[in-house]
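Peer 1: Just to be clear, the model below is a prediction. Sequence and coordinates:
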Amino acid sequence: MKMNTIIKYLAVPVLLLIMAGCSKDKLEEINVNKNNPLDVPSRLLITDVITKTAFSITGSDFAFYASVYTEHNVGIYNQMYNAEIRSAEPALATTYNNTWGSVYETLYNLKIIINKTSEGGDEVGNYHTLGIAQVLTAYNLAILTDLMGDVPYTEALQPGVIFQPTLDKQEALYTEIFRLLDEGIANMGKETTAAGLGTQDFLYGGNIGKWTQFAYGLKARYTARLAFRNGGKWDDVIAFANQSFTSAADEAKFVYNGSSTNSPFYTFFIDRDYFGASTSLHNKLTQRNDPRDGVFFVPYSGSGDVVFAPNGTPSQVQGYYGISGIMSPTAPTYLLSYHELEFLKAEAYARNNGASADAEAALEKGLTAAFAKVGMELDSTYWVDEVLPLFNADPVKEIMVQKYISFFESEAVEAYNDIRRLRALGNDFITLENPNNATQFPQRFTYGADDVTTNLNIADAYGNGSYVYTEKVWWAGGTR
Amino acid sequence: MRKITIMLVFLLIAGVNFAFAQSRTITGKVTSAQDGMGIPGVTVMVKGTTIGTTTDIDGNYSFAVQPNYQTLVFRYVGMISQEITIGEQNTINVVMEPDVLQMEEVVVTALGIPKERKALGYSVQDVSGEELTRSGTSNLAAAMQGKLSGVEIKPSSGMPGASSQIIIRGARSFSGDNTPLYVVDGMPISSTADYSTGNSVTGADIANRAIDIDPNDIESINVLKGQAAAALYGIKASNGVIIITTKSGKGNKTSKPAISFSNFTSFDKVSRKPDYQTKYAQGSYGMNVPNTSFSWGPEISNLPDDPTYGGNSQGHPGMYYVPQLEAAGLDPWVTPQVYDNFGDFFDVGFTTTTSLNISQANDKGNIAFGIGNTTQDGIAPSTGMDRWNAKAAGETKLNDKWSLGFSSNYSRTSIDKLPAANDAALNGVYAAPPNYDLAGIPTNTPSDPYSQIYFRSLTFDNPYWGASHNTFNEVTDRFFGNGFVEFNPYIAENMSLKTRYQLGTDIYTTHYQDIFEFGSRGRTGEMNNYGVTSQTMNSLLTATFDWTINSDFNFSALIGNEFNHRNRKFYDEYGTGFNFGGWAHMGNTKIQQADESQYQDRTVGFFGNLSLDFRSMLFLSVTGRQDYVSIMPRDNNSFFYPSVSLGFVITELEGLRDMPVLSYAKVRASYAEVGQAAEYYQNYFASPDYGGGFWGATPIQYPVAGISSYLSNNVQFDPNLKPQNTKTYELGAELKFFSNRLGVDYSYSNQLVTDQIFQVPIAASTGAAALVMNGGEIKTNVHEVVLYATPVIHRGFEWNMTVNFSKTDNMVNELAPGVESIFLGGFVTPQVRAGIGSTFPVIYGSSFLRDDNGNIIVVDNPGAWNHGMPETGPPAVIGEVSPDFLLGFTNRFDYKGISLSATLDWKSGGQMYSGTNGLLDLYGVSKLSEDREETFVFEGVKPDGTPNDIVRGGPNDPDAYQDLITNVLTNIDEYYIYDNSFVKLREITLSYDIPKKLLNNVDLTVSVFARNLLLWTELPNFDPESTQGNNNMGGSFERFSMPQTSSYGFGINLNF
C-alpha cells in the first residue's frame, strides 16, 4: 500500500475516535468525581457534627476569648494579649470568624441530617438520630445567640439560594431552641427500627437515654438563662434538672484521646502559648483557702513560684507567667457538665428559698463533682470552714462564685454567659479585676467577618464593631 | 527553525525562478561583512519583479539578465538588503552587512508556525538562548527577568528551586491560574506547581514545574503575549504562551558534528542584610527576661548589673547568667557581647551548571543529544537543588515528501528547602536578641538531641536545630517529548500542502516530604509525605496550505485538531507523633492518615486559520477554535474563540520606501476572545479538616480510633457555571530609523475579563463558605514599549541597547454581588485580596484610625498607657501591590570578541506587606527600635483635630516606646506595609571570545558575571524579591520568608 492510501484509511477512523472522545457523555464521564462521595448516611455526618460542636465551637476560640473576659486566664501574647488590653480584637469581625463559620457549617450539616431523617428523607423513621440532631441544633443555636445576639437563622443555611440572610431576634431564637429541644426529646422517645449510632456517637456511644438527659439539662440551663426576661422560672429549672444527669457519668463531656484528638486549651498552649495565670482567679481561690489554687496553676518552666499575670496589664512576654495546671491533651470539653447542672439546681433552690438544705445539698454535689473534675476530693475542712459560711451569708452569690471557679478553664463560655446574666439580674457576684472593664467590658462577641464582608444585613448590625462594648444581648437586658 | 524557513523561502523563490531572454550573464559572490565567508541562499532578484535566483553553498550566483533589467536586489534574512544598479557590470560582488534589527526576522508563532515578524498583526517577543544564559542562571524565570516587556516575573526568593510567578499583561483570574502556557518543541507542558502554597503562611515554598527546564538547552524563547497571538491554542492559552525551542542542531553552520560544552559557577550571598540595634539585650520593659522573644531588655553593657541574672552581685563581676548555657551543661556565666546572628547563619551559596550538547546537521536532517547538571547549595544550611537534564532530538527527511522527527527530554530535580512564615526556620535568625549567641549556644541539651535549647518559647524551632533535623524536600522525575511525521507532497509550483501529525507526552512524578522531627516545637513532631503522578497525552494534527496566488497575493490556510488528556493521581500520607527521635519515618509515627485522589481532564479543540498577504504590505489573519472541555458542566462545555489580526507595513507603500530616516514602519491591530475554564464538580461531602486558625499541627485527625466522618463540602458549585471570557484588542506600531539603527515597538492592549470563575465567598450563615460561580470583571490596559538602538558601530566596536518598558493597569471592576473583596492568601489579618475598584491584588488588613482628612488619630487620654498613641481602625485596603511600571534596560558592548553586557531592572511603585520588617520592630531588634529612650510625639492629630503634641517616652516614661511598638503598632497591619520600588542590576557579564586561530579552531568563550545586585529600594532592611506564595499572592506578602541572593561567578563555553 502506498503511504497516501494508508493515510486515507487511517484518517477517517482517527477522526471518528476524536469526535467520540469529546461527546458530552464522554466528557461528563471523565469529570466524575472519584475522590468524594455525593451522599453519606446521617450516622457518618453526625460524628463530626458532635466533634466540631465540642472542639471547634464550645472548646476553642469562643472559650479562649471568653476565658480572657471572665479572667480565667490572662492573655499575655498577640491576639489574647490584645483581648486582655481590649485593643482591637474584641471589636474586630475577624476575631471570632473561624468559629462563626464552624457554627453555621455544623448547623447546615445538622439540617441535612434532619432532612434525611424527616418525612421525605431517605432515612425517615430514624427518630433517634433526628432527635439528637434537633438537640444539637438547639445547643449550637444557643451558643451562637448567647454570644452574638440576633443572628441569621430562618433565612440561613441555603447556600446559593439566599446569599444575604436576615437576622432573627434572640427572643424568637430562644423560642426555636425550646421547640427543638422538646421535639428532640419527643423523637428520642419514639420507637425506631433504625440502628443506633453506636461508636459514631463520640458523646454517648448511641445511648439515647443519656441524650435525653442532656436535652433536659439544656432546658434547665436555658430556662435559667432567660431569668431576666421570664422573671425567674426556678421551679422549671429544678424540674428540668431533675430529669437530667444523676451523676458525672451522665454528663455531656467530649473526651479527647490525646493522639488523634487533642484538647483545645492544651493544643492552644502548645501551638500559641498566649495565656498566663490569672491574678483575679488566684485571688478568689486564696480568699477561700481553696486547695484547687495549687492545682489550677503551675509555673511556666515547671519549678519555682507561679508568676501571676495582672489582669488587663500584663507584659507581653511568653515563658514568664504561670500557666494552667489542668490543661492536658486529654482534658475534656464539657457541653454540659454534671457540676454545672448541680450548680443550676442549687441556684434555683437558693433563689426560691435561700440557704435551704436542698440548695446546700446541690452545692455540695456540684462542688464534689467540680473537685473530681480536676482529680481532687472535696475536703471537709474547705467545705465546712470556707464554703458553708460564705454560702450561709449569701447563698446565691457563693453558689455562683463556686460555679464560676468550677468552670475553669474549658467551660469559660458558660462562665461568660453567667456573668452577663447575673449583672442583668443585678447580681454582680463575680469580681473582675481588669481595669479596662470600666469602659470596655465586652458585652458580646462580634459577628464573623465572612458575613460582615458579604452580607449587608450583618454589615449593618456590625457597624464598626464598637457595639460590643455597649450593647447587651436581649436576655442580658439589651435589645438585640 | 529559522534556517528551515529560509530554506522554504529559498525553495519557493527558486520555484518561480525562470529566465526568458538570451542575454548576458552576471556572476558574483555574496559575502558576509562579519567573517568574509560566502553566504548561501541569498535571494538575488530583479527589482519590481519575481525574477531572480539564489546563491549556492559558497555564496556564488550566476544570473542571465535582460537588457531592460536595471537593478538587482540582494536579500537575506538577518542582513540589510542591498540594491545594486546593473549598468554595464558583468561581475557584481556584494558584501552584506548584518541587519542589527533583523528586519526579515522569522518568529515562531502559535503551533510552532514560523512567520516573518512583519507579517504579524500582534506583538511577539523573543529571547535567544545566548541572552538567557549569559549570566549562568539555572532558573528559566530568573533568566528572563528584564528581557521582556509586558511580562512581570516575581521570584519568591533566592533559594535553590524557589517558585516564581510569571504573568503576561496582568492577571485574568482572581484565584485561578494566571501563568502562561509553556510549549517545548511543539508540546504543551505543565509549568505550574501541582500544590499551591494556599494561604502561604505555613510550610515551605513549592517549586513550579518550569524549574525542570534547563535554560542551557534553549535555542530561543518566543513569547506570545496577547490573546490574538495565542488564540490557536484555545482555552489553555488565555494567559499567553511561552514557546521554547530547544537546541536541535538545526542552526549548525557545518555538517560536521558540533560539540558544545559549558560550565557556569557562581557564589551566592544574601542580597541584603538588615540593620540591627546592638545596644539592648533580650527582655521586656528594660528587664532581662531570658526566654522572651523580645529584645526590649536592659542595655547589653548593663547585663552584669541585673538583680536576678547579673554577675556583679553574685560573684561573677562583669558577667551575666544565661540559663540556656546552664541547660547545655556549660558555664552559664558570660561576658556581655553582641553577636551577628543573621550573618552567622548564612553561608556562601554555590551554584554550578554544566551542560554538554552534541549535534549534527546535514541536508537530510539534524540530530542532537544533550546532558546537563545543575548543583546548587543554598546560602542557608539544608537548602539546595540538584537537577539533571538529558535530551535527544532529531529530524530526518525520509524522501521528498515525508519527514520524521522527535524531541525527548528527561529531568530529575531534587530540591531541599526550609519553611517560612508561621513555620519559619529563620524566625530566630532574623530576630534573635543581639546578646544571644545563637550560633554558639548548643541547640539541644547534652543528654537529649531532641530537647531543644532556644532563646525563646518553641513556637518556632531553633533555626540550627531545625535545619539539621527537619526536612523539606521535593524530588521530580519527568519525561516529556513528542514525535512527529510530516507529509509534504508536490501539488503545484505555487502551492504547497503540508500535513503534520504530532503525538506527545508529559509524564512526571513528584514526591514531597515535610518532616518536623521529634522534638520540633518541643513536641513529638509530624511528617507529611505527599506527591503526584501526572500523565498528559497530546495529539496534534494540522494541515497547512500555502498558495502564492500572484505577485500581489499570498494565501494560506490551516486546519487542525488537538486532543489533550491528562490523568493525575495525588497521594498524601500524614503521620503525627514520633515515638522517638532519629528515625523520621512514617513507621515511627503514632497516628497515620492516608488519602489519595484521582483526576482526569480532557480538552479537544478544532481550529482553523486563514491568512492573506498583499504585496508584503498588508497581512490579514483570522483564526477560530472550538474547544470541548471535560471540567465544565455538561451543558456548558464547548465554546468558540475567534481572533482577527491585521498588519500594515507602511514603508512598503510606493513613495515611502527607501526613506533616509524612517527605514521601516508598521502598524498592527488585532482582536481576540479566549476563555478559561475552571474545575467544576457536583456538590460533595468531604472528610473534615481541622487545620488553620490558631492551630499549628492538626488537632483532630480522622479517622478517630477507626471512626470516619464526612461533612458537606463547604465549597459548593453553581451548576450553571460557564467559562470566563477575555476580550482583547491590541494596537501596535513598529518603527525603525536610520537604516535600522534605532527602533521602537509599541503595543497597547486592552483586556476585559468577564464572568470570572472563582470561589465566591458567601456569607457563612448560608451554610457554605464559598460558591464556585461566575462573577466579577477585571479590566487591564497595558502599554509596552521595546526600544532598541545601536548607537555606535565603529571599527569593530558595537554598542547595542534595549529597553523593555511595561505599564500594566489591572483594575478589578466588580466581584460577585455583595462581595467587596475576596481572599487570596495570608493570615486572618492581614490578607492578600482582590478588591473592587483596586488594582489586583491588594493587601487588606487593620488600618490606622484616621480622620476624614486621612490624618492618624491618636488617643488623648492623659494617664492612659496609650495616651498619644494611634489606634487600630477598621479593616481596609492598606496596600496596592501592582507596580506603576517595570523597566528592563540592557546595554551590550562588543569589541573584537570582548563583550560586556548589563541588564538593569527597575520596578517603580507597588507595595508589600513586609511582616519581618514590622516584627523586627516588635521584637525590638531593628535599628529603628534602638532609639527607645528619647521622647517622641507620634505624627497625627488628636481627636479634636488639632495636631498631636503629646510627648511620650523619655526617662520618666520609660515604657511608652515599647508600648507604642509592641502593643499598638504591632496590631496595626498598615504599619507593616512598605513601598517596594527597586532598581537591581539584574545581571552583568563580561565575556571574551578567544580567537579560533589561537586555539586550533576551538571556539572558547570565557566570562565573568554577577547577578541580582540590589542597587536601591524603598523597602527597608530586606530585598523586595523575597515573599511568600507560589500562587497569585506571590510578590506581595512577606513574613520570615527565605531571603533573596546576589551571585558572582564565571563561566566557560567551548564549541568544537
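Peer 2: Cool, got the structure. Numbering: from 1, shown residues only, chains lettered A, B, ... in the order given.
Peer 1: Could you list the low-confidence segments of the stretch 101-250 of chain A?
Peer 2: Within the stretch 101-250 of chain A, not a single segment meets pLDDT under 70.
Peer 1: Tell me the residues of it that contact chain B?
Peer 2: Within reach of chain B by CB under 8 Å from any CB of the partner chain, the stretch 101-250 of chain A has these residues: A:101, A:104-105, A:107-109, A:111-112, A:151-152, A:156-165, A:199-200, A:202. In short, each C-beta sits where N, CA and C put it, glycine included.
Peer 1: how many other residues sit next to residue B:30?
Peer 2: Using other CB atoms under 10 Å in any protein chain shown as the criterion, residue B:30 is surrounded by 27 other residues.
Peer 1: what's the answer for residue B:1015, then?
Peer 2: Residues near residue B:1015, counting by other CB under 10 Å: 11.
Peer 1: what do you get for the one 10 residues further on?
Peer 2: Close neighbours of residue B:1025, defined as other CB under 10 Å, add up to 32.
Peer 1: is it true that it touches residue B:153?
Peer 2: No - contact between residue B:1025 and residue B:153 fails when scored by CB atoms under 8 Å: they sit 9.6 Å apart.
Peer 1: What sits closest to the closest residue to chain A within chain B if chain neighbours are left out?
Peer 2: Nearest to chain A in chain B, going by CB to the nearest CB, is residue B:767, at a distance of 3.1 Å. Spatially, and ignoring its direct neighbours in sequence, residue B:767 is nearest to residue A:108 (3.1 Å; CB to CB, 6 or more residues apart in numbering or on different chains).
Peer 1: would you say the one you found is within a helix?
Peer 2: Yes - counting by DSSP: H, G, I helix; E, B strand; the rest coil, residue A:108 is part of a helix.
Peer 1: Beyond the helix or strand containing residue A:240, next helix or strand please.
Peer 2: Secondary-structure assignment from DSSP states H and E places residue A:240 in helix A:234-242. Next helix or strand after helix A:234-242 toward the C-terminus (DSSP H and E): strand A:252-254.
Peer 1: Could I get the CA-only coordinates of the next helix or strand after that next one as PDB?
Peer 2: Following strand A:252-254 in sequence order, the next helix or strand is helix A:264-271 (DSSP H and E). Extracted C-alpha coordinates of helix A:264-271, given in PDB (Å, rounded to 0.1, in the frame of the first residue of the first chain):
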ATOM      1  CA  PRO A 264      -8.300  22.700  72.600                       C
ATOM      2  CA  PHE A 265      -6.700  24.500  75.600                       C
ATOM      3  CA  TYR A 266      -3.700  22.200  75.600                       C
ATOM      4  CA  THR A 267      -3.200  22.500  71.800                       C
ATOM      5  CA  PHE A 268      -3.600  26.200  72.100                       C
ATOM      6  CA  PHE A 269      -0.800  26.300  74.600                       C
ATOM      7  CA  ILE A 270       1.500  24.200  72.500                       C
ATOM      8  CA  ASP A 271       0.700  26.000  69.300                       C
END
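Peer 1: pretty sure residue A:27 is in contact with residue B:637, am I right?
Peer 2: Yes - using CB under 8 Å as the test, residue A:27 is close enough to residue B:637 to be in contact (5.6 Å).
Peer 1: Need the residues touching each of the two.
Peer 2: Both residue A:27 and residue B:637 are contacted by B:628-630, under the criterion CB atoms under 8 Å, 6 or more residues apart in numbering or on different chains.
Peer 1: can you redo those as JSON lines with secondary structure and neighbour count?
Peer 2: Listed next are the shared contacts of residue A:27 and residue B:637 as JSON lines, based on DSSP: H, G, I helix; E, B strand; the rest coil; neighbours: other CB atoms under 10 Å in any protein chain shown:
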{"residue": "B:628", "secondary structure": "strand", "neighbour count": "23"}
{"residue": "B:629", "secondary structure": "strand", "neighbour count": "27"}
{"residue": "B:630", "secondary structure": "coil", "neighbour count": "26"}
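Peer 1: now those as TSV including pLDDT and distance to residue A:471?
Peer 2: Shown next, in TSV, are the shared contacts of residue A:27 and residue B:637 (pLDDT from 0 to 100; distance: CB to CB, whole Å):
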residue	pLDDT	distance to residue A:471
B:628	94	57
B:629	94	52
B:630	95	52
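Peer 1: what subset of these is also close to chain A?
Peer 2: Taking CB under 8 Å from any CB, the overlap between the shared contacts of residue A:27 and residue B:637 and the neighbourhood of chain A is B:628-630.
Peer 1: is it true that residue B:862 lies in a strand?
Peer 2: No - with three-state DSSP as the criterion, residue B:862 is assigned coil and is not in a strand.
Peer 1: what about it, how many residues close to it?
Peer 2: So residue B:862, with other CB under 10 Å, has 8 neighbours.
Peer 1: Equivalent analysis for residue B:252, please.
Peer 2: Residue B:252 has 18 nearby residues by other CB under 10 Å.
Peer 1: Now it: closest residue in space, sequence neighbours ignored.
Peer 2: Nearest one to residue B:252, counting by CB to CB, 6+ apart, is residue B:361 at 4.1 Å.
Peer 1: repeat for residue B:214
Peer 2: residue B:389 (4.0 Å).
Peer 1: for that neighbour, which residues make a bridge with it?
Peer 2: residue B:372, residue B:411 (DSSP bridges).
Peer 1: burial count for it?
Peer 2: For residue B:389, the neighbour count with other CB under 10 Å is 22.
Peer 1: can you tell me how far it sits from residue B:820?
Peer 2: Look at residue B:389 and residue B:820: by CB to CB, to the nearest Å, they are 47 Å apart.
Peer 1: Run through the residues that contact residue 97.
Peer 2: No chain was given, so I picked chain A. Listed by CB under 8 Å, 6+ apart, the contact set of residue A:97 reads A:448-450, B:764, B:828.
Peer 1: ah, I was thinking of chain B
Peer 2: Residues near residue B:97 by CB under 8 Å, 6+ apart: B:33, B:79-80.
Peer 1: just residue B:132 next, same as before
Peer 2: By CB under 8 Å, 6+ apart, residue B:132 lies in contact with B:140, B:143-144, B:147, B:215, B:218, B:221.
Peer 1: if we go to 7 Å?
Peer 2: Counting by CB atoms under 7 Å, 6 or more residues apart in numbering or on different chains, residue B:132 touches B:143-144, B:215, B:218, B:221.
Peer 1: Next: residue B:393.
Peer 2: Applying CB under 7 Å, 6+ apart, the residues near residue B:393 are B:185, B:246, B:248, B:368, B:406-408.
Peer 1: so for the strand or helix carrying it, what's the average pLDDT?
Peer 2: For residue B:393, the host element (DSSP H and E) is strand B:384-397. Average pLDDT, strand B:384-397: 95.
Peer 1: follow-up on the earlier one: overlap in contacts, residue B:1025 and residue B:153.
Peer 2: With CB under 7 Å, 6+ apart as the test, residue B:1025 and residue B:153 reach no residue in common.
Peer 1: quick revisit: would you mind pulling up the elements that the helix holding residue A:240 packs against?
Peer 2: Packing partners of helix A:234-242 (3 or more CB pairs under 7 Å, 6 or more residues apart in numbering or on different chains; DSSP states H and E): helix A:208-225, helix A:338-353.
Peer 1: count of neighbours near the residue of chain B closest to chain A?
Peer 2: Residues within reach of residue B:767, counting by other CB under 10 Å, total 28.
Peer 1: Residue A:165 versus that one, what's the distance?
Peer 2: 9 Å.
Peer 1: joint contacts of those two?
Peer 2: Here residue B:767 and residue A:165 share the contacting residues residue A:156, scored by CB under 7 Å, 6+ apart.
Peer 1: that older thread, quick check: the residue nearest to residue B:252 is in a strand.
Peer 2: Yes - counting by three-state DSSP, residue B:361 is part of a strand.
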